[in-house]
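1. Turn this into a model:
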Amino acid sequence: MSADTISTSPPKFGAVCCVFDDDRWLPVMVESIAPAIDRILFLVAEQPWNGGAGDTQSTLDAIRSLPNTEGKIELVRGPWRNETEQRNAGLQLLQERHCDYAMIVDADEIYDPIELERMKAAALEHPQVGAWYVSMFTYWHSVAYRIDPPEQFTPVVFVKVGEAEFTENRHVKTETVGRFSPALGICHHLSYARSNEEVRKKLARFSHSHEIQPGWYQNVWLTWRDELPPRENLHPVYPSAYRRAVRQDPSRYPPALKRALASERDVI
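-> Just a heads-up that it's a prediction; the model follows:
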(Lines give C-alpha, C1' and ligand atoms only; values in the text may rest on other atoms or scores of the structure.)
Protein backbone atom coordinates (compact mmCIF):
# COMPACT_ATOMS: atom_id res chain seq x y z
CA MET A 1 0.00 0.00 0.00
CA SER A 2 1.42 3.39 -0.96
CA ALA A 3 1.71 6.32 1.43
CA ASP A 4 -0.99 8.10 -0.56
CA THR A 5 -3.58 5.44 0.25
CA ILE A 6 -2.89 5.18 3.97
CA SER A 7 -5.79 6.70 5.91
CA THR A 8 -5.31 8.56 9.14
CA SER A 9 -7.80 8.69 11.97
CA PRO A 10 -9.23 12.08 12.91
CA PRO A 11 -7.84 13.62 16.12
CA LYS A 12 -9.52 12.29 19.25
CA PHE A 13 -10.99 14.52 21.94
CA GLY A 14 -11.30 13.04 25.40
CA ALA A 15 -12.96 14.80 28.33
CA VAL A 16 -11.67 14.79 31.90
CA CYS A 17 -14.07 15.58 34.73
CA CYS A 18 -12.56 15.80 38.22
CA VAL A 19 -15.38 15.34 40.70
CA PHE A 20 -15.93 14.35 44.32
CA ASP A 21 -19.49 14.72 45.60
CA ASP A 22 -21.08 17.02 43.04
CA ASP A 23 -23.69 15.29 40.89
CA ARG A 24 -26.43 17.96 40.74
CA TRP A 25 -25.82 18.80 37.05
CA LEU A 26 -23.63 15.84 36.09
CA PRO A 27 -26.09 13.99 33.77
CA VAL A 28 -26.87 17.25 31.94
CA MET A 29 -23.16 17.94 31.49
CA VAL A 30 -22.59 14.52 29.96
CA GLU A 31 -25.59 14.85 27.65
CA SER A 32 -24.29 18.21 26.46
CA ILE A 33 -20.76 17.07 25.54
CA ALA A 34 -21.16 13.39 24.59
CA PRO A 35 -22.07 13.96 20.91
CA ALA A 36 -18.78 15.82 20.32
CA ILE A 37 -16.39 13.86 22.57
CA ASP A 38 -14.78 10.46 21.94
CA ARG A 39 -14.13 9.51 25.57
CA ILE A 40 -15.20 10.82 28.98
CA LEU A 41 -13.09 10.09 32.05
CA PHE A 42 -14.48 10.71 35.52
CA LEU A 43 -11.73 11.05 38.11
CA VAL A 44 -13.23 10.62 41.58
CA ALA A 45 -10.79 11.27 44.44
CA GLU A 46 -10.81 9.29 47.65
CA GLN A 47 -10.82 12.53 49.65
CA PRO A 48 -11.99 16.07 48.79
CA TRP A 49 -9.45 18.75 47.91
CA ASN A 50 -10.44 20.63 51.05
CA GLY A 51 -12.45 19.97 54.17
CA GLY A 52 -13.05 16.73 56.01
CA ALA A 53 -13.92 13.32 54.70
CA GLY A 54 -17.03 13.13 52.56
CA ASP A 55 -19.29 10.59 50.93
CA THR A 56 -18.93 10.03 47.18
CA GLN A 57 -21.54 7.28 46.89
CA SER A 58 -24.22 9.40 45.20
CA THR A 59 -21.67 10.65 42.67
CA LEU A 60 -20.42 7.14 41.94
CA ASP A 61 -24.01 5.95 41.53
CA ALA A 62 -24.77 8.87 39.20
CA ILE A 63 -21.77 8.09 37.00
CA ARG A 64 -22.52 4.36 36.88
CA SER A 65 -26.14 5.05 35.91
CA LEU A 66 -25.21 7.20 32.89
CA PRO A 67 -26.11 5.78 29.46
CA ASN A 68 -22.87 4.30 28.10
CA THR A 69 -23.88 2.25 25.08
CA GLU A 70 -20.87 3.50 23.10
CA GLY A 71 -18.43 2.74 25.90
CA LYS A 72 -17.24 6.36 26.11
CA ILE A 73 -17.53 6.73 29.88
CA GLU A 74 -14.85 5.49 32.26
CA LEU A 75 -14.67 5.86 36.05
CA VAL A 76 -11.24 6.15 37.70
CA ARG A 77 -10.64 6.33 41.47
CA GLY A 78 -7.43 7.68 42.97
CA PRO A 79 -5.68 9.18 46.04
CA TRP A 80 -4.99 12.58 44.46
CA ARG A 81 -4.25 15.17 47.13
CA ASN A 82 -5.12 18.37 45.31
CA GLU A 83 -6.71 19.79 42.17
CA THR A 84 -3.47 20.23 40.23
CA GLU A 85 -2.35 16.66 40.79
CA GLN A 86 -5.76 15.27 39.84
CA ARG A 87 -6.07 17.28 36.65
CA ASN A 88 -2.57 16.31 35.50
CA ALA A 89 -3.45 12.68 36.17
CA GLY A 90 -6.37 13.12 33.79
CA LEU A 91 -4.07 14.40 31.04
CA GLN A 92 -1.78 11.41 31.54
CA LEU A 93 -4.69 8.98 31.37
CA LEU A 94 -5.94 10.48 28.12
CA GLN A 95 -2.45 10.26 26.65
CA GLU A 96 -2.38 6.56 27.52
CA ARG A 97 -5.75 6.22 25.75
CA HIS A 98 -4.35 7.88 22.61
CA CYS A 99 -6.41 11.06 22.78
CA ASP A 100 -5.00 14.14 21.06
CA TYR A 101 -6.92 16.78 23.01
CA ALA A 102 -8.31 16.90 26.53
CA MET A 103 -11.56 18.71 27.17
CA ILE A 104 -11.41 20.05 30.72
CA VAL A 105 -14.93 20.07 32.10
CA ASP A 106 -16.39 20.18 35.59
CA ALA A 107 -19.62 18.47 36.59
CA ASP A 108 -21.52 21.77 36.50
CA GLU A 109 -20.39 23.04 33.08
CA ILE A 110 -22.82 22.69 30.17
CA TYR A 111 -22.23 23.23 26.44
CA ASP A 112 -24.17 23.44 23.22
CA PRO A 113 -22.86 20.50 21.13
CA ILE A 114 -22.98 22.54 17.91
CA GLU A 115 -20.85 25.25 19.52
CA LEU A 116 -18.54 22.56 20.87
CA GLU A 117 -18.00 21.19 17.36
CA ARG A 118 -17.17 24.71 16.16
CA MET A 119 -14.61 25.09 18.94
CA LYS A 120 -13.07 21.72 18.09
CA ALA A 121 -12.73 22.73 14.45
CA ALA A 122 -11.11 26.03 15.42
CA ALA A 123 -8.61 24.23 17.66
CA LEU A 124 -7.68 21.81 14.88
CA GLU A 125 -7.08 24.72 12.52
CA HIS A 126 -4.40 25.99 14.92
CA PRO A 127 -2.36 22.93 15.99
CA GLN A 128 0.38 25.14 17.42
CA VAL A 129 -1.95 26.20 20.27
CA GLY A 130 -1.46 24.10 23.40
CA ALA A 131 -4.48 25.32 25.40
CA TRP A 132 -7.75 27.05 24.60
CA TYR A 133 -9.85 29.18 26.94
CA VAL A 134 -13.58 29.84 26.82
CA SER A 135 -15.93 32.58 28.06
CA MET A 136 -18.77 31.75 30.46
CA PHE A 137 -22.31 32.51 31.40
CA THR A 138 -22.17 32.08 35.18
CA TYR A 139 -25.54 31.31 36.74
CA TRP A 140 -26.58 32.60 40.14
CA HIS A 141 -28.98 30.96 42.65
CA SER A 142 -30.76 29.19 39.76
CA VAL A 143 -30.63 29.05 35.98
CA ALA A 144 -33.02 32.01 35.93
CA TYR A 145 -30.19 34.45 36.68
CA ARG A 146 -26.71 34.99 35.33
CA ILE A 147 -23.83 37.23 36.29
CA ASP A 148 -23.63 40.50 34.31
CA PRO A 149 -21.30 41.55 32.86
CA PRO A 150 -19.83 38.08 32.30
CA GLU A 151 -16.97 37.39 34.67
CA GLN A 152 -13.49 38.05 33.32
CA PHE A 153 -12.20 34.61 34.31
CA THR A 154 -12.08 32.31 31.29
CA PRO A 155 -11.37 28.66 32.14
CA VAL A 156 -9.27 26.34 30.00
CA VAL A 157 -11.49 24.04 27.93
CA PHE A 158 -9.12 22.26 25.52
CA VAL A 159 -5.56 21.14 26.25
CA LYS A 160 -3.32 19.53 23.67
CA VAL A 161 -2.31 16.25 25.27
CA GLY A 162 1.43 15.97 25.85
CA GLU A 163 2.07 19.69 25.31
CA ALA A 164 0.64 21.27 28.46
CA GLU A 165 0.37 20.67 32.18
CA PHE A 166 -1.51 22.15 35.10
CA THR A 167 0.58 24.25 37.45
CA GLU A 168 -2.04 25.36 40.00
CA ASN A 169 -5.71 24.44 40.17
CA ARG A 170 -7.01 25.02 36.61
CA HIS A 171 -4.08 27.11 35.40
CA VAL A 172 -2.15 25.57 32.50
CA LYS A 173 1.46 25.96 31.40
CA THR A 174 2.06 25.75 27.65
CA GLU A 175 3.89 27.78 25.02
CA THR A 176 0.90 29.10 23.06
CA VAL A 177 -2.68 29.73 24.19
CA GLY A 178 -5.86 30.71 22.38
CA ARG A 179 -9.22 32.12 23.43
CA PHE A 180 -12.50 31.27 21.77
CA SER A 181 -14.76 34.16 20.84
CA PRO A 182 -18.12 34.03 22.69
CA ALA A 183 -19.71 34.12 19.22
CA LEU A 184 -18.05 30.78 18.51
CA GLY A 185 -18.99 29.04 21.73
CA ILE A 186 -19.54 29.56 25.44
CA CYS A 187 -19.58 27.56 28.66
CA HIS A 188 -22.72 27.63 30.80
CA HIS A 189 -21.35 27.46 34.35
CA LEU A 190 -23.91 26.31 36.91
CA SER A 191 -21.58 26.37 39.90
CA TYR A 192 -23.89 28.71 41.86
CA ALA A 193 -27.21 27.39 40.49
CA ARG A 194 -27.72 25.47 43.70
CA SER A 195 -29.70 25.14 46.90
CA ASN A 196 -28.45 26.74 50.11
CA GLU A 197 -27.16 23.42 51.42
CA GLU A 198 -25.36 22.66 48.16
CA VAL A 199 -23.63 26.03 48.28
CA ARG A 200 -22.55 25.44 51.88
CA LYS A 201 -20.98 22.15 50.81
CA LYS A 202 -19.30 23.79 47.82
CA LEU A 203 -17.75 26.46 50.01
CA ALA A 204 -16.19 23.83 52.25
CA ARG A 205 -14.81 21.76 49.38
CA PHE A 206 -13.55 23.98 46.58
CA SER A 207 -9.97 25.12 46.08
CA HIS A 208 -10.58 28.70 47.24
CA SER A 209 -12.33 27.82 50.49
CA HIS A 210 -9.59 29.51 52.54
CA GLU A 211 -10.10 32.80 50.65
CA ILE A 212 -13.85 33.29 51.11
CA GLN A 213 -14.92 36.75 52.30
CA PRO A 214 -15.95 36.66 55.99
CA GLY A 215 -19.71 36.31 56.38
CA TRP A 216 -20.31 35.85 52.63
CA TYR A 217 -22.82 33.02 53.00
CA GLN A 218 -24.99 34.81 55.58
CA ASN A 219 -24.63 38.37 54.29
CA VAL A 220 -24.56 37.88 50.52
CA TRP A 221 -25.88 34.47 49.47
CA LEU A 222 -28.82 34.26 51.89
CA THR A 223 -29.91 37.89 51.59
CA TRP A 224 -29.54 38.48 47.83
CA ARG A 225 -33.17 37.72 46.93
CA ASP A 226 -34.55 39.92 49.72
CA GLU A 227 -32.66 43.16 49.13
CA LEU A 228 -34.08 45.96 46.97
CA PRO A 229 -32.32 47.00 44.90
CA PRO A 230 -30.54 43.62 44.71
CA ARG A 231 -27.10 43.46 46.25
CA GLU A 232 -24.09 43.78 43.94
CA ASN A 233 -20.47 42.54 44.16
CA LEU A 234 -21.48 38.94 44.75
CA HIS A 235 -18.41 36.73 44.34
CA PRO A 236 -17.41 34.88 47.55
CA VAL A 237 -13.66 35.48 47.04
CA TYR A 238 -13.35 38.42 44.63
CA PRO A 239 -16.60 40.38 45.16
CA SER A 240 -16.38 42.67 42.11
CA ALA A 241 -15.90 39.67 39.78
CA TYR A 242 -19.67 39.11 40.04
CA ARG A 243 -20.96 42.65 39.55
CA ARG A 244 -24.69 41.86 39.51
CA ALA A 245 -27.18 39.13 38.67
CA VAL A 246 -29.73 39.65 35.89
CA ARG A 247 -32.46 37.53 34.32
CA GLN A 248 -31.13 35.12 31.73
CA ASP A 249 -32.83 34.89 28.34
CA PRO A 250 -34.15 31.28 28.21
CA SER A 251 -33.41 31.15 24.48
CA ARG A 252 -29.72 31.17 25.37
CA TYR A 253 -29.87 27.85 27.23
CA PRO A 254 -28.10 24.94 25.45
CA PRO A 255 -30.39 22.07 24.37
CA ALA A 256 -29.46 19.65 27.18
CA LEU A 257 -30.22 22.29 29.80
CA LYS A 258 -33.55 23.15 28.18
CA ARG A 259 -34.57 19.52 28.30
CA ALA A 260 -33.54 19.18 31.94
CA LEU A 261 -35.49 22.28 32.91
CA ALA A 262 -38.68 21.10 31.23
CA SER A 263 -39.43 19.07 34.38
CA GLU A 264 -38.12 21.69 36.83
CA ARG A 265 -40.18 24.75 36.04
CA ASP A 266 -39.69 26.15 39.53
CA VAL A 267 -36.03 26.97 38.85
CA ILE A 268 -36.69 29.28 35.89
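
2. Only C-alpha atoms from now on, for both contacts and neighbour counts.
-> Will do.

3. The chain: strands as residue ranges?
-> Applying DSSP state E to the chain gives strands spanning 13-19, 39-45, 73-78, 101-104, 109-110, 131-133, 136-140, 142-148, 156-160, 165-168, 171-173, 177-179, 187-192, 244-247.

4. For the third one, which strands pair with it and how are they oriented?
-> Each strand that strand 73-78 pairs with, and the sense of that pairing, follows from DSSP bridges: strand 39-45 (parallel).

5. And the average pLDDT for stretch 34-42 is what?
-> Averaged over stretch 34-42, pLDDT sits at 97.

6. gap between the two ends of it?
-> End-to-end distance for stretch 34-42: 13 Å, by Cα to Cα, to the nearest Å.

7. quick one: low-confidence ranges for the stretch 1-150 of the chain?
-> Scanning the stretch 1-150 of the chain for pLDDT under 70 picks out the ranges 1-7, 51-53.

8. hmm, back to that, would a markdown table of the strands of the chain with mean neighbour count and distance to L26 be doable?
-> Below are those laid out as a markdown table (neighbours: other Cα atoms under 10 Å; distance: least, Cα to Cα, whole Å):
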| stretch | mean neighbour count | distance to L26 |
| --- | --- | --- |
| strand 13-19 | 25 | 9 |
| strand 39-45 | 21 | 11 |
| strand 73-78 | 14 | 13 |
| strand 101-104 | 25 | 14 |
| strand 109-110 | 26 | 8 |
| strand 131-133 | 23 | 21 |
| strand 136-140 | 23 | 16 |
| strand 142-148 | 20 | 15 |
| strand 156-160 | 24 | 17 |
| strand 165-168 | 18 | 23 |
| strand 171-173 | 16 | 23 |
| strand 177-179 | 17 | 25 |
| strand 187-192 | 22 | 10 |
| strand 244-247 | 18 | 23 |
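
9. Present those strands as a markdown table; the columns should include distance to A262.
-> Output for the strands of the chain, formatted as a markdown table (distance: least, Cα to Cα, whole Å):
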| stretch | distance to A262 |
| --- | --- |
| strand 13-19 | 25 |
| strand 39-45 | 26 |
| strand 73-78 | 26 |
| strand 101-104 | 27 |
| strand 109-110 | 16 |
| strand 131-133 | 30 |
| strand 136-140 | 18 |
| strand 142-148 | 12 |
| strand 156-160 | 28 |
| strand 165-168 | 37 |
| strand 171-173 | 35 |
| strand 177-179 | 32 |
| strand 187-192 | 17 |
| strand 244-247 | 18 |
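
10. So for H210, which of those sits nearest?
-> H210 lies closest to strand 165-168 among the strands of the chain, at 15.2 Å (Cα to Cα).

11. Which strands border that closest one, and is each parallel or antiparallel?
-> strand 171-173 (antiparallel).

12. Distance check, V76 against R87.
-> Following Cα to Cα, the distance that separates V76 from R87 is 12 Å.

13. right, and R194 touches Y139 too?
-> No: between R194 and Y139 there is no contact, the gap being 9.3 Å when judged by Cα atoms under 8 Å.

14. Which residue is the nearest non-sequential neighbour of Y192?
-> W140 (5.0 Å; Cα to Cα, 6 or more residues apart in numbering).

15. pretty sure the one you found contacts R244?
-> No: taking contacts as Cα under 8 Å, W140 lies outside contact range of R244: 9.5 Å.
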